[in-house]
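Asker: sequence below, structure please.
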Amino acid sequence: MNNLKHLFVLLLVLLVVFMVLGCGLLGKTYTLTVGVNDVDGGLVHINPLQEEYLWGTVVELTAVPSAGWHLFEWDGDASGTDEVIKVKMNKDKLIIAVFDIIEEESGFAGGDGTEEEPYLIGNAEQLSLMRDNLQNHFKQIAHINLKEYDENGGWVPIGEEGQEFSGFFDGNGFEIINLTIDRSETNSVGLFGYLSSNAVIRDVALEAASVTGKYNVGALAGVNSGTIKNSYAVIIVEGNDNVGGLVGLNSGGEIKESFTKGQVTGGSEVGGLVGDNPGGLISHSYSEAEVHGGGVAGGLVGRSAGNIEFSHAKGNVEGDSWAVGGLVGHMSSGNIEDCYATGDVLSYGWCVGGLVGSSYSSSSISRSYATGNVTAEENSAIGGLVGNNSGDIADSYARGEVTGQKDVGGFAGINIGEIVSSYATGKVTGDLNKGGLVGKGTGRVFFSYWDIETSEQPQSAGGYGRNTEQMKTGEASKTVQGDLMYEDWDETIWNFGTEEDYPYFIWQ
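Answerer: Okay, here's the model as predicted:
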């Protein structure tokens, strides 16, 4: 009897203890922290999703891999490889979903190379496989680090002459990091060596790229005859000739909505975006790269025989020889429209301009401007907009200071072409043939002006000199006798001057 009584008391005590502890646990709350090893790899759905969970709550976690990825395992306070797991909350927990790139028999992360199902690229090895599939469609699905390809000359460009890349590559906004090419005796180098006229490259992001080659050198492509859109490169690029931050030789290709930052160095035809642009189109693109060329060097393009529109350059440009410009070094033909350059231009040669170093008769410039200072102290044909102009220039202006030895102008150093509805305001310094608008030339100049106060020049080989107030307000005759300044200028292009500023473009 006593034993039964003792047992009853013991059970009663245990029940009280259990109830006390149980009530404590039932009121206890815990946190659940869920993460992924790579944000590109996928995500995790949590059900129920709460800030805190009561003791004993069961939470369902569902791993959702991105295209081309799979769940490798759960890590932390969970384990296994099933995409759906259940977790009982009895403490604070940290759980990581570990995703990994799929590698199918093709070697890619998925797809079949068609337009509808492009090959999926998630790592450096899969990117390199593109060279064996030059006509297919590809899509990048993760950031890619090419550090493992930095030895023995570095990355081997995809596509070569006669075997150009003619497919479609969508970078999908993911970065390609640490592209390294060190091939100083090799031509046509870049991530791609050659892009054919059928090639399309878009949404490619090159970070920390270092590329060295001989001729036709660019971070994205050595030679481009296709289409490049919405791509950029942060770069150090070096080469001999046809050296550009993005593309070395843009041979009839199209580049749009793309840009570069960094530095570009070369011998001739050197540009922040493109080295040589024979017959190609560059639109809505820019460069902030610093450019140093032996000759024919520009902030955006070294030499151009194509068209450039709605584009600009902000980097400083330095050249050792002929034809150096803030935007383009030399225009042999083609058009520049709605463009500008703001970097300073320094040259130890001749034909130096804030926008263009030299322009031939089959070229034209319109609705464009330059604001950088231009310096070539011991040489000739130095201008705030164009150093030596043989083409047509309309509706443009230059605002930078210009310093040269002879044939120095606030707008054009030498003009044997035509200048219409344009102006200059920068200080002009030179020894021989210097002018507020044009230093020297027999070309035609219509409805164009220079500021005689800020330029410190009372003369010019063309145009009309006006004081600062007149330049800003237009309150002066356009000739010695006649209508007011700017009345012949196109009001759909210009916002006319005020007491505070000179005329500028509506699109600015």
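Asker: go ahead and flag the most central residue of the chain.
Answerer: residue 259 (1.7 Å; Cα atoms, centre = their mean).
Asker: was I right about it contacting residue 284?
Answerer: No: using Cβ atoms under 8 Å, residue 259 is not in contact with residue 284, being 9.6 Å away. All C-beta spots, glycine's among them, are computed from the backbone N, C-alpha and C.
Asker: which neighbours do these two have in common?
Answerer: Counting by Cβ atoms under 8 Å, 6 or more residues apart in numbering, residue 259 and residue 284 have no shared contacts at all.
Asker: in this protein, where is pLDDT below threshold?
Answerer: 1-26, 103-104, 479-483 (pLDDT under 70).
Asker: got the CA coordinates for the longest strand belonging to it in PDB?
Answerer: Counting residues, the longest strand found in the chain (DSSP state E) is strand 259-271. What follows is strand 259-271, C-alpha atoms only, in PDB (Å, rounded to 0.1, in the frame of the first residue of the first chain):
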ATOM      1  CA  PHE A 259      30.200  51.800 -73.000                       C
ATOM      2  CA  THR A 260      33.700  51.400 -71.600                       C
ATOM      3  CA  LYS A 261      35.700  52.700 -68.600                       C
ATOM      4  CA  GLY A 262      39.400  52.300 -67.800                       C
ATOM      5  CA  GLN A 263      42.400  53.000 -70.100                       C
ATOM      6  CA  VAL A 264      43.400  52.200 -73.700                       C
ATOM      7  CA  THR A 265      46.900  52.500 -75.100                       C
ATOM      8  CA  GLY A 266      48.100  51.800 -78.600                       C
ATOM      9  CA  GLY A 267      50.200  52.900 -81.600                       C
ATOM     10  CA  SER A 268      47.700  54.100 -84.200                       C
ATOM     11  CA  GLU A 269      43.900  54.000 -84.600                       C
ATOM     12  CA  VAL A 270      43.300  54.000 -80.800                       C
ATOM     13  CA  GLY A 271      39.900  54.800 -79.200                       C
END
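Asker: next one: the closest residue in space to residue 178 that isn't next to it in sequence from residue 175, what distance?
Answerer: Counting by Cβ to Cβ, 6 or more residues apart in numbering, residue 147 is the residue found nearest to residue 178 once chain neighbours are left out, at 4.6 Å. Here residue 147 is placed at a distance of 13 Å from residue 175 (Cβ to Cβ, to the nearest Å).
Asker: those two: which has the busier surroundings?
Answerer: Neighbours were counted for residue 147 and for residue 175 using other Cβ atoms under 10 Å; residue 175 has more, 18 against 12.
Asker: quickly note the distance from that one to residue 231.
Answerer: Relative to residue 231, and taking Cβ to Cβ, residue 175 is found at 11 Å.
Asker: overlap in contacts, these two.
Answerer: Between them, residue 175 and residue 231 share the contacting residues 205, 206, judged by Cβ under 8 Å, 6+ apart.
Asker: if we can go back for a sec, how far away is the residue nearest to the centre of the chain from residue 429?
Answerer: In terms of Cβ to Cβ, residue 259 sits 33 Å off from residue 429.
Asker: got it, and residue 172?
Answerer: 51 Å.
Asker: ok, residue 343 next?
Answerer: Taken as Cβ to Cβ, the span from residue 343 to residue 429 is 19 Å.
Asker: compare these two (neighbour count), which wins?
Answerer: Counted by other Cβ under 10 Å, residue 343 and residue 429 do not tie: residue 343 has more neighbours, with 28 against 18.
Asker: ok, the residue nearest to the more buried one when sequence neighbours are not counted - contacts?
Answerer: Here the nearest residue to residue 343 in space, its sequence neighbours aside, is residue 316; by Cβ to Cβ, 6+ apart that works out to 4.4 Å. For residue 316, the contact set (Cβ under 8 Å, 6+ apart) comprises 290, 291, 299, 343, 344, 345, 346, 372.
Asker: dump those residues into CSV; add secondary structure and distance to residue 213 as well.
Answerer: Shown next, in CSV, are the contacts of residue 316 (DSSP: H, G, I helix; E, B strand; the rest coil; distance: Cβ to Cβ, whole Å):
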residue, secondary structure, distance to residue 213
290, strand, 19
291, strand, 17
299, coil, 21
343, coil, 25
344, coil, 28
345, strand, 25
346, strand, 25
372, coil, 29
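Asker: residue 335 touches residue 366, doesn't it?
Answerer: Yes: if you go by Cβ under 8 Å, residue 335 and residue 366 touch, sitting 7.4 Å apart.
Asker: the nearest residue to residue 409 once chain neighbours are set aside and residue 413, how far apart?
Answerer: Of all residues beyond its chain neighbours, the one nearest residue 409 is residue 439 (3.7 Å), with distances taken as Cβ to Cβ, 6+ apart. Distance of residue 439 to residue 413, given as Cβ to Cβ: 5 Å.
Asker: when these two are compared, which one has more neighbours?
Answerer: Neighbour count, other Cβ under 10 Å: between residue 439 and residue 413, residue 413 has more, with 40 against 34.
Asker: can you confirm that one is in a strand?
Answerer: Yes: counting by DSSP: H, G, I helix; E, B strand; the rest coil, one finds residue 413 located in a strand.
Asker: pretty sure it is touching residue 388, no?
Answerer: Yes: Residue 413 is in contact with residue 388 according to Cβ under 8 Å; the separation is 6.2 Å.
Asker: can you list residues touching both of the two?
Answerer: 351, 353, 381.
Asker: in JSON lines: the residues you listed, plus secondary structure and neighbour count.
Answerer: What follows is the shared contacts of residue 413 and residue 388, written out as JSON lines (DSSP: H, G, I helix; E, B strand; the rest coil; neighbours: other Cβ atoms under 10 Å):
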{"residue": "351", "secondary structure": "coil", "neighbour count": "32"}
{"residue": "353", "secondary structure": "strand", "neighbour count": "39"}
{"residue": "381", "secondary structure": "strand", "neighbour count": "32"}
